[in-house]
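Colleague: I'd like to go over a predicted model; first the sequence, then the structure.
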Amino acid sequence: MSVLVYVENAEGKFKKSIFEVVSYAKAIAKQMNTSLIAISIGNVASSELENLGKYGVEKVLNVTNDKLKSFINQAYASVIAEAAKKEAANVVVLSNSFSGKGLAPRIGVKLEAAVADGAIELPTTDGKFIVKKTAFSNKAFAMVEMNSENKVISLTPNSHKVVEDGTPATIEEFNSENKDSDFKVIIKEIVRATDKVSLPDAELVVSAGRGLKGPENWGMIEELANLLGAATACSKPVSDADWRPHSEHVGQTGIAISPNLYIAIGISGAIQHLAGVSSSKVIVVINKDPEAPFFKVADYGIVGDAFEVVPKMIEAVKALKANS
Amino acid sequence: MKILVCISNVPDTTTKITFTNDNTQFNQAGVQFVLNPYDEIALSRAIELTDGGNGTVTVINVGEASTEPTIRKALAIGATDAVRINAAPKDAYFVAKQVAAYAKDQSYDLILTGRESIDYNGAKVAAMLGELLDIPSVSIIKKLEVDGEKATVEREIEGGKEVLTIPFPFVAGTAEGVAEWKIPNMRGIMSARTKPLTVVEAIDVQILSDIVKFETPAPRGAVKLVDAGDPEKLIELLHSEAKVF
Ligand SMILES: Cc1cc2nc3c(=O)[nH]c(=O)nc-3n(C[C@H](O)[C@H](O)[C@H](O)COP(=O)(O)OP(=O)(O)OC[C@H]3O[C@@H](n4cnc5c(N)ncnc54)[C@H](O)[C@@H]3O)c2cc1C
Ligand SMILES: Nc1ncnc2c1ncn2[C@@H]1O[C@H](COP(=O)(O)O)[C@@H](O)[C@H]1O
């Protein structure tokens, strides 16, 4: 018995969300009195792999097969399921990232495992195996009982702390047999905006809505976000009008996020918008209408005109940074 | 082109979510059920791709008879015909197994799902179907263009996007951007009544997971308002009280 964690890399590096996943998997392994093994696929430096030991990994299975250089969910799922079988891992943990969403269900089918997507807490492992996840687009939580022998759990970014616990991991090369039919997908192009904080795993988010009147007014939103090291987001009508890209649209039909801080500027707080952001830890609302529904779910707020308030917030952040 | 679109029947986006029976069951009283918004996008794209008699669009739902109004809505929007697998959906694996059992001999070129259902938000059915049918799957796509025997799709990745070419058949979960929502017209609504809706009995599937309880989020405390003339105070509170930066 063991716990297997898939460590997804982004261009050879692990992001913080992966250290969260490893820490989470380690906590499960501890609960179950068993060891934690990681599997990495693609080109990652051995120093990076060893470093996973710091978060509790004992051994890393390193897959460097050229055919598996870039992510193809079908092929990666085969490799991870094979590793799980070889290591007798009956719990497989991964990030509920965009790639993780394409992987977890496939691994689940291969291992006849129940799949808990987007877990937000550690499971109970004594007796019943129950995982908590969000449901109804963040309007509720569901406790999912996993009845199968094998289990696959994907973790929501920003819901488990990074815990340092351990010593450098050993690395073992792992070779897998993939079927040709695993490689039908051809990747034509990958576009990554490296200068921006990625929204799904951002800790801080500055978001704006129709209250901003037009795309030309986003300069101050980006400036505030840059100063804070935050990602930018927007409401649906804003991306529908092409003021901002669709990838920034949060809410019931956009992406759901749970950052430590969500600043909503000129957004009314419609139920479909709240669905995507209500699990943010701290919510700040700037709106000129005191009756805006967003204030009901906010922790902090200013009733005022964004065009006056935001520039002053920018100055205050600059002053704070200068003093610290 | 022969397309299958998986549709689910979900509470309307404005529904206030409550539970009954000691928080073990979703309270359906007074809830309006609709076609899952993402499935509507999938359906809209499927109809565009088969426009002008260039193929068929079958919608499939795993559900009890109560989902039929939603299936008729899909027919009104423009699906060719419909299949209902007669069973209450237990979990994503159950649904995917039922759909795969139906689809395996039907040689669909393309199977579309929504990126996720807005009730259980699993985003699992597309990839499970791909695995069960041993064909490629892309879980969340933002664009879908067809070119002969293959398609080009765009999928989101953290901080960017990826463009993929995939030969048919494959499964894809659609998100916003793939198509505009279509509104049924009068003719669609009239013809939906007579379009074929086949009811198929479910196969036996092992139930791997089960929701044993729901919780609703703890209400937040009252909002702390800061004077509009004093945003410095807000930044100060976020720094030293909330400690978020
Ligand atoms: C099926 C469905 C799905 C949906 N999914 C989503 C979703 O995923 N995400 C989403 O966001 N929406 C979604 N919506 C839309 C949602 O219902 C709202 O229409 C939308 O969130 C409103 O966007 P907004 O708050 O930016 O704009 P508005 O509602 O127009 O609000 C603008 C706000 O700005 C304030 N304001 C104006 N001027 C200023 C100023 N100078 N300074 C400060 N404040 C100012 C106003 O007081 C107002 O509160 C969905 C709707 C449907 C029907
Ligand atoms: N009961 C169902 N019947 C048919 N298709 C479904 C059903 N439930 C979910 N789906 C499809 O699977 C997609 C993803 O659902 P989920 O994995 O539950 O988030 C949905 O958008 C639908 O296209």
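Modeller: Here it is on my side, so go on. Residues are numbered from 1 along each chain as shown, chains lettered A, B, ... in the order given. Ligands and ions are numbered 1, 2, ... in the order given.
Colleague: so how many other residues sit close to the residue lying closest to B:D12 once chain neighbours are set aside?
Modeller: In this structure, B:D12 finds its nearest non-sequential neighbour in B:Q32, 4.3 Å apart by Cβ to Cβ, 6 or more residues apart in numbering or on different chains. Using the backbone N, CA and C atoms, a C-beta is placed for each residue, glycine as well. Look at B:Q32: counted by other Cβ atoms under 10 Å in any protein chain shown, it has 9 neighbours.
Colleague: got it, and A:K15?
Modeller: 18.
Colleague: Let me see the confidence value for it.
Modeller: Listed pLDDT for A:K15 reads 92.
Colleague: ok, now which ones touch the closest residue to it other than its chain neighbours?
Modeller: Spatial nearest neighbour of A:K15, excluding adjacent residues (Cβ to Cβ, 6+ apart): A:D201 at 6.6 Å. Counting by Cβ atoms under 8 Å, 6 or more residues apart in numbering or on different chains, A:D201 touches A:15-17, A:97, A:157-158, B:158.
Colleague: For PyMOL, what selects the buried ones among those?
Modeller: A single PyMOL command selects the buried members of the contacts of A:D201 (16 or more other Cβ atoms under 10 Å in any protein chain shown):
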select buried, (chain A and resi 15+17+97+157+158) or (chain B and resi 158)
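Colleague: Closest one of the contacts of A:D201 to B:E145?
Modeller: Using Cβ to Cβ, B:E158 comes nearest to B:E145 of the contacts of A:D201, at 23.4 Å.
Colleague: Quick check, pLDDT for the closest one.
Modeller: In this model, B:E158 carries a pLDDT of 85.
Colleague: A:P311 too?
Modeller: 98.
Colleague: ok, whatever residue of chain B ends up closest to ligand 1 - how many residues close by?
Modeller: Residue of chain B nearest ligand 1, by Cβ to the nearest ligand atom: B:T13 (4.3 Å). Neighbours of B:T13 under the rule other Cβ under 10 Å: 18.
Colleague: Please name the residues that touch it.
Modeller: So B:T13 contacts A:137, A:252-253, A:271-272, A:275, B:34, B:37, B:118 (Cβ under 8 Å, 6+ apart).
Colleague: repeat for A:N158
Modeller: A:N158 sits in contact with A:17, A:20, A:201, A:203, A:258-260, where contact means Cβ under 8 Å, 6+ apart.
Colleague: Could you check how far the residue nearest to A:K15 is from ligand 1?
Modeller: In this structure, A:D201 and ligand 1 are 19 Å apart, going by Cβ to the nearest ligand atom, to the nearest Å.
Colleague: What about the contacts of A:N158, which one has the most neighbours?
Modeller: In the contacts of A:N158, the most neighbours by other Cβ under 10 Å go to A:P259, 27 neighbours.
Colleague: which residues of the stretch 201-324 of chain A fall in helices?
Modeller: Ranges of helices in the stretch 201-324 of chain A, per DSSP state H, counting those that start in this stretch, are A:219-228, A:236-240, A:271-277, A:306-323.
Colleague: try chain B
Modeller: For chain B, helices defined by DSSP state H occupy the ranges B:37-49, B:68-77, B:92-103, B:125-133, B:186-192, B:231-240.
Colleague: number of nearby residues for residue 25?
Modeller: Defaulting to chain A. 28.
Colleague: The intended chain is chain B.
Modeller: 12.
Colleague: do B:Q106 as well
Modeller: If you count neighbours by other Cβ under 10 Å, B:Q106 ends up with 12.
Colleague: Same question for B:N36.
Modeller: Neighbour tally, B:N36, other Cβ under 10 Å: 25.
Colleague: How about B:A92?
Modeller: So B:A92, with other Cβ under 10 Å, has 26 neighbours.
Colleague: Who are the contact partners of it?
Modeller: A:105, A:115, B:120, B:122, B:124-125, B:128.
Colleague: shouldn't B:D81 be in contact with B:T56?
Modeller: Yes - between B:D81 and B:T56 a contact is recorded at 7.4 Å, counting by Cβ atoms under 8 Å.
Colleague: Return the residues in contact with the residue nearest to B:D12.
Modeller: B:11-12, B:15.
Colleague: Angles on the backbone of it, please.
Modeller: For B:Q32, the backbone dihedrals (degrees, to the nearest 10) come out as phi -90, psi 120.
Colleague: just to revisit the earlier point, which of the contacts of B:T13 come close to ligand 1?
Modeller: By Cβ under 6 Å from any ligand atom, the members of those lying near ligand 1 are A:252-253, A:272, B:37.
Colleague: Find the closest residue to ligand 2 in chain B.
Modeller: B:G114 (2.5 Å).
Colleague: which residue does chain B bring closest to chain A?
Modeller: Chain B approaches chain A most closely through B:A228 (3.0 Å), counting by Cβ to the nearest Cβ.
Colleague: With B:L225 as the reference, measure out to the closest residue to that residue other than its chain neighbours.
Modeller: The spatial neighbour of B:A228 that comes closest, neighbours along the chain excluded (Cβ to Cβ, 6+ apart), is A:G304 at 3.0 Å. Taking Cβ to Cβ, to the nearest Å as the criterion, A:G304 is separated from B:L225 by 10 Å.
Colleague: repeat for A:V131
Modeller: A:V131 is 38 Å from B:L225, by Cβ to Cβ.
Colleague: Compare the two (neighbour count), which wins?
Modeller: Neighbour comparison, A:V131 and B:L225: the larger count goes to A:V131, with 27 against 16 (by other Cβ under 10 Å).
Colleague: before we move on, the earlier item: most neighbours, which of the contacts of B:A92?
Modeller: A:P105 (33 neighbours).
Colleague: dump the residue contacts of the most centrally placed residue in chain B.
Modeller: For chain B, B:G114 is the residue whose C-alpha lies nearest the centre (Cα atoms, centre = their mean; 3.1 Å). Listed by Cβ under 8 Å, 6+ apart, the contact set of B:G114 reads B:6-8, B:36-42, B:173-174.
Colleague: Please name the nearest non-neighbouring residue to it.
Modeller: B:Y38 (2.8 Å).
Colleague: what does chain A put close to ligand 1?
Modeller: Counting by Cβ under 6 Å from any ligand atom, the residues of chain A that sit close to ligand 1 are A:209-211, A:235-238, A:251-254, A:266-268, A:270, A:272-273, A:276, A:286-289, A:292, A:305-307.
Colleague: Whichever of those residues end up buried, select them in PyMOL.
Modeller: Provided next is the PyMOL selection string for whichever of the residues of chain A next to ligand 1 are buried by 16+ other Cβ under 10 Å:
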select buried, chain A and resi 209+210+211+235+236+238+251+252+253+254+266+267+268+270+272+273+276+286+287+288+292+306
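Colleague: So which of the residues of chain A next to ligand 1 reach ligand 2?
Modeller: Of those, not one also sits near ligand 2 (Cβ under 6 Å from any ligand atom).
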